[in-house]
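Student: please work out how this folds:
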Amino acid sequence: MLSHWLLDTETFVAPDSLSTFQQHIPLDWISQVLKQTDKASIRKRKLPAELVVWLVVAMGLFRDRPISDVVEKLDLTLTETLGDTVVPSAIPQARQRLSSEPLEALFNLCATHWTQQEDSSDTWNGLRLFSVDGTQFRTADTPALSEHFHYIKHSKTRHTEYPIVRMCALSSLRSRLIHRVAFGPSYQGEVSYAKGLSEYVSDNSLTIFDRCYLSAELLINWRLRHPASHWMVPIKGNTQYTIIETYSDYDFKVEMKVSAHARKLDPSLPEHWQARLVLYPEPMGPGKIRGLLCSLEDTKAFNTRDILDVYFERWEIENSYGEIKHQMLEDSILLRSQTVEGIKQELWGILLAYNLVRVEISRIAKEANVSPLRISFVMALRDIQDEILWCAIASPGSIPKKLKAMREKVKRYILPEKRKRPKSRTVRISKTRYTIQSKHA
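Tutor: Sure thing, here's the model as predicted:
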C-alpha cells in the first residue's frame, strides 16, 4: 500500500528549506489552527495539510514561479520509496481541501505573537502607534469571481477591467507589521471594513487614518470601544466645522455636525461631535492650509509640533502595500487563484509571507541597532528567497551558519535616515506589463 511508504503526518517536520522561518511559525501553531478549523490531515497524503500551509505561504514569496515549481524547488512533497511525487493536478485539490480558514487563523495567531514581541515597546508619548489604510487586488475575470467580488463602477456604463478585492489593514506604524486585515467584495467600502478592525486596537494607542476614513460613526465608536485609545485623520476639503476654543493660531477645538445619514445608520450617535483641529501649510502649495483632526485633547501632553511629526509617519502603511505589490508580487496584474476560496487563501498566504519578512527585518534591525524602516525590504526579500532555495539542497547542519551570514549580509543594506515627506500626496500610475482594454458594463 502507498500509505506504507509515506511519512506519518503526526511526525511531520517542516522541510529544511523552510528552516529560515520555522522558528517564527512553530509546527505547534500550524497544528493548532488545523485542529481548530477541522482541517488536520487524517489520512497520510503526499501533500498533507501542514505542507499545503507552507505551500500557500511560499506562493507569496515566489510569485515569479509556477506553483508546481514552488512545490518542487522547496521539496514540499512527501515521496514513496520508488520516488514518485505528487502530480500537478493534486496541488489545487490539496489547496481546496485545506480551504482559507486555517491560513486566516494562522495569520491572526502569528500576528498576535509577532507584534507583541517586536513592537509593543515602540511608542510615541506613551501611545502605541497604528495605521489604517486600504488597497485593492485584481482577480481573474471569471463569472464566479466577478459575482462574488464585483467590479468597481466608474459610471453607469463603465467599470474596472477585472473584479476587485477591497482590503483594509491595521498595521504597526514603525515596524510595518500587519496586525489584522479585513477584505472582501469591492461593493463594501473601506470604512465598513475598518469598523471590524476596531476591536483589535489596544488601549493607550494612537491610530492614524487616511482621509477617506473621516466618518463620525467610525471615529466616535472607535473611541467608545477603547476610551484610552486615540485617533487622527486629515480633514477633507469640504469638512464643515465651528471653532469653539482656540489654543493657538493653528490649533483649535472644533465642533462638527453628525450627518442625518450617519445617525440613521447608528441612532446612538449624537447630533454633534468634537475634536481637536491642527492646521499646517501645504509644503508644495504656498498659501494653502491643510489640517488634521484628532482626539488628543490634552494640549499639554500632546503639543502641536509632536502631533504634526507623528502625523507625517502615516505614509508607512502605503509603503507596506507597495512592498507587497511591487516587490513580493512583482507588479503582477492578477492574483493567481481562480476560485473565491482560492483567492481568500492566497491573500492570507501573501499577508503571512509579508509579515514573515517583516519579522526577520525587525530582528535584523535590532541586531544592527537601527529602525526596521532603515532595512531595505527588497534586499532582505531577495536574500531570504535565495537562502530558502539554497537550504533546499543544503545539509541541515550548515543552515544556522547560512542564516547568520544572511543577517550579516542584510545589515549592509541599511538605508539612510528617512526625511520628512517633502511633498503632497500624488497618485501613481498602476504598473503592468500587459495592455489593459476597457470593459463596459
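
Student: which residue is nearest the centroid of this structure?
Tutor: With distances taken as CA atoms, centre = their mean, Ile178 lies nearest the centre of the chain, 4.7 Å away.

Student: got the contact list for it?
Tutor: By CB atoms under 8 Å, 6 or more residues apart in numbering, Ile178 lies in contact with 111, 169-172, 320, 351, 354-355, 358. C-beta coordinates here come from the backbone N, C-alpha and C atoms, glycine included.

Student: quick one: the strands in the stretch 201-350 of the chain, in order.
Tutor: Remark: strands assigned in the stretch 201-350 of the chain by DSSP state E, counting those that start in this stretch are 205-209, 230-234, 242-248, 251-257, 272-281, 289-294.

Student: dump those strands to CSV, plus distance to Asn221, mean pLDDT and mean neighbour count.
Tutor: As requested, the strands of the stretch 201-350 of the chain are exported to CSV (distance: least, CB to CB, whole Å; pLDDT from 0 to 100; neighbours: other CB atoms under 10 Å):
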stretch, distance to Asn221, mean pLDDT, mean neighbour count
strand 205-209, 13, 95, 25
strand 230-234, 11, 96, 23
strand 242-248, 22, 96, 11
strand 251-257, 15, 97, 17
strand 272-281, 11, 94, 18
strand 289-294, 15, 92, 18
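
Student: tabulate those strands in JSON lines, adding columns for distance to Gln327.
Tutor: Below are the strands of the stretch 201-350 of the chain laid out as JSON lines (distance: least, CB to CB, whole Å):
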{"stretch": "strand 205-209", "distance to Gln327": "23"}
{"stretch": "strand 230-234", "distance to Gln327": "27"}
{"stretch": "strand 242-248", "distance to Gln327": "42"}
{"stretch": "strand 251-257", "distance to Gln327": "39"}
{"stretch": "strand 272-281", "distance to Gln327": "32"}
{"stretch": "strand 289-294", "distance to Gln327": "30"}
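
Student: quick one: which of the ones you listed is nearest Ile324?
Tutor: strand 205-209 (19.3 Å; CB to CB).

Student: note down every partner strand of the closest one and its orientation.
Tutor: When pairs are called by DSSP bridges, strand 205-209 turns out to pair with strand 127-138 (parallel), strand 230-234 (parallel).

Student: hmm, who's touching the last one?
Tutor: The one in question is strand 230-234. Counting by CB under 8 Å, 6+ apart, 127, 205-211, 213-214, 219, 222-223, 290-296, 307, 310-311, 314 sit against strand 230-234.

Student: for it, the distance to its chain's centre please.
Tutor: On the basis of CA atoms, centre = their mean, to the nearest Å, strand 230-234 is displaced by 20 Å from the centre of the chain it belongs to.

Student: and that strand with strand 272-281, angle?
Tutor: 60 degrees (axes from the mean of the first three to the mean of the last three CA atoms, to 10 degrees).

Student: with just CA atoms, put strand 230-234 into CSV.
Tutor: Taking C-alpha atoms only, strand 230-234 is exported to CSV below (Å, rounded to 0.1, in the frame of the first residue of the first chain):
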residue,chain,number,x,y,z
HIS,A,230,-6.9,57.9,20.2
TRP,A,231,-7.3,58.5,16.5
MET,A,232,-6.0,61.0,13.9
VAL,A,233,-7.3,61.7,10.4
PRO,A,234,-6.8,64.5,7.8
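
Student: could you check the angle it makes with strand 289-294?
Tutor: Going by the same axes, to 10 degrees, strand 230-234 makes 160 degrees with strand 289-294.

Student: contacts only, for the closest residue in space to Met167 that isn't next to it in sequence.
Tutor: Excluding the flanking residues, the one nearest Met167 by CB to CB, 6 or more residues apart in numbering is Phe183, at 3.9 Å. The neighbours of Phe183, taking CB under 8 Å, 6+ apart as the test, are 165-168, 193, 347.

Student: which strands border the helix or strand harbouring Phe183, and is each parallel or antiparallel?
Tutor: Assigned by DSSP states H and E, Phe183 belongs to strand 178-185. Strand pairing for strand 178-185, using DSSP bridges, gives strand 164-172 (antiparallel).

Student: who wins for proximity to Ile343 among the strands paired with strand 205-209?
Tutor: strand 127-138 (8.1 Å).

Student: state the distance from Pro92 to Gln338.
Tutor: 9 Å (CB to CB, to the nearest Å).

Student: list the buried residues in the helix or strand containing Ile384.
Tutor: Assessed by DSSP H and E, Ile384 sits inside helix 377-391. Using 16 or more other CB atoms under 10 Å as the burial criterion, the residues of helix 377-391 that qualify are 377, 379-381, 383-385, 387-388, 391.

Student: what do you get for stretch 366-379?
Tutor: Buried residues in stretch 366-379 (16+ other CB under 10 Å): 368, 371-373, 375-377, 379.

Student: same deal with stretch 141-148?
Tutor: 145-146, 148.

Student: which one of the residues you listed is nearest Ala40?
Tutor: Nearest member of these to Ala40, counting by CB to CB, is His148, at 27.5 Å.

Student: skipping adjacent residues, who's closest to the closest one in space?
Tutor: Nearest to His148 is Val340, by CB to CB, 6+ apart, at 4.7 Å.

Student: looks like that neighbour contacts Pro143 (just checking).
Tutor: No. Val340 lies out of contact with Pro143 (CB atoms under 8 Å); the separation is 11.1 Å.

Student: thought Ile384 was touching Val357?
Tutor: Yes. Ile384 is within contact range of Val357, at 6.2 Å (criterion: CB under 8 Å).

Student: now do the shared contacts for the two.
Tutor: Contacts common to Ile384 and Val357, judged by CB under 8 Å, 6+ apart, are Leu61.

Student: show me what the residue nearest to Tyr311 when sequence neighbours are not counted bridges to in the sheet.
Tutor: Spatial nearest neighbour of Tyr311, excluding adjacent residues (CB to CB, 6+ apart): Leu292 at 5.6 Å. Beta-bridge pairing for Leu292 (DSSP bridges): Pro234, Val278.

Student: where does the stretch 151-300 of the chain dip in pLDDT?
Tutor: 282-287 (pLDDT under 70).

Student: can we see that at 90?
Tutor: 153-158, 174, 199, 202-203, 211, 225-228, 236-238, 265, 280-290 (pLDDT under 90).

Student: got it, and the stretch 1-150 of the chain?
Tutor: 1-58, 60-61, 63-95, 97-98, 116-122.

Student: swap the cut-off to 70 and go again
Tutor: 1-23, 41-47, 75-87.
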